[in-house]
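*Asks:* Sequence first, predicted coordinates after that:
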Amino acid sequence: DVKVTQSSRYLVKRTGEKVFLECVQDMDHENMFWYRQDPGLGLRLIYFSYDVKMKEKGDIPEGYSVSREKKERFSLILESASTNQTSMYLCASTDRYNSPLHFGNGTRLTVT
Amino acid sequence: AQKVTQAQTEISVVEKEDVTLDCVYETRDTTYYLFWYKQPPSGELVFLIRRNSFDEQNEISGRYSWNFQKSTSSFNFTITASQVVDSAVYFCALRRVTGANNLFFGTGTRLTVIP
């Protein structure tokens, strides 16, 4: 079974802090994704990566950056956290376009 | 443009009732994939089913069934004899076979099964 692991289940950070959300998958998937989930808005794509050191902006990349130095790890970075980034963050991976995404458990981030 | 609509934001049913979750999609592609995911309170989205655009055969898996109708661009999900463990948020998604940002989710339907 594919395992996607997000390093933290809950995080509380202060406004202005730099925040790192880590995601690791164990199935050698090329494609990895970061989504943000908010009530009534569903899942919105922040960034995705289709290979090591490759990244593409999703629908809402502002205020975020990503890093993919190794195939199994995809990090989401909030350069200067703001209260409107309080949300649930979900990481996912997949190998092919017709394959389902495999999701991590999510990180619930609160910025105060 | 691609779009997935789940018009039902929240549904509540009493245990053992049947319930159908609606999913309507928009695309001009001839080849695409449709998915349903379940998100229980634990938070992790769990894959339920994948259907490609050339396969309109309905599928049944235990108490779950899916009705794919290309003519109405719908991919509806029915739970028969619902149980409390079915309480979750359910997402429908469409995935194109081209383009980099090619996966489109609906906004989800929160199902509550009351014992």
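*Replies:* Here it is on my side, so go on.
*Asks:* what sits opposite A:M54 in the beta ladder?
*Replies:* A:D51 (DSSP bridges).
*Asks:* My guess is it contacts A:V66. True?
*Replies:* No: here A:M54 does not reach A:V66: they are 10.2 Å apart, not a contact under CB atoms under 8 Å. Backbone N, C-alpha and C define where each C-beta goes, glycine included.
*Asks:* Between the two, which has more neighbouring residues?
*Replies:* Legend: neighbour count by other CB atoms under 10 Å in any protein chain shown for A:M54 and A:V66, higher for A:V66 (22 against 12).
*Asks:* any idea what sits nearest the more buried one, other than its immediate chain neighbours?
*Replies:* With sequence-adjacent residues excluded and distances taken as CB to CB, 6 or more residues apart in numbering or on different chains, A:V66 is closest to A:Y47, at 4.3 Å.
*Asks:* Quick one: list the elements packing against the helix or strand hosting that neighbour.
*Replies:* Applying DSSP states H and E as the criterion places A:Y47 in strand A:42-51. Contacts defined by 3 or more CB pairs under 8 Å, 6 or more residues apart in numbering or on different chains; DSSP states H and E place strand A:42-51 against strand A:31-38, strand A:54-57, strand A:64-70, strand A:73-78, strand B:103-105.
*Asks:* Who does the helix or strand just after the fourth one pair with, and is each partner parallel or antiparallel?
*Replies:* As assigned by DSSP H and E, the chain's next helix or strand after strand A:73-78 is strand A:87-94. Based on DSSP bridges, the pairing partners of strand A:87-94 within the sheet are strand A:31-38 (antiparallel), strand A:102-103 (antiparallel), strand A:107-111 (antiparallel).
*Asks:* Pipe the ones you listed into CSV and attach mean neighbour count per row.
*Replies:* Formatted as CSV, these follow (neighbours: other CB atoms under 10 Å in any protein chain shown):
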stretch, mean neighbour count
strand A:31-38, 23
strand A:102-103, 24
strand A:107-111, 18
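*Asks:* who's A:C23 bridged to?
*Replies:* With DSSP bridges as the rule, A:C23 is bridged to A:Q6, A:F74.
*Asks:* Many thanks, I have nothing further to ask.
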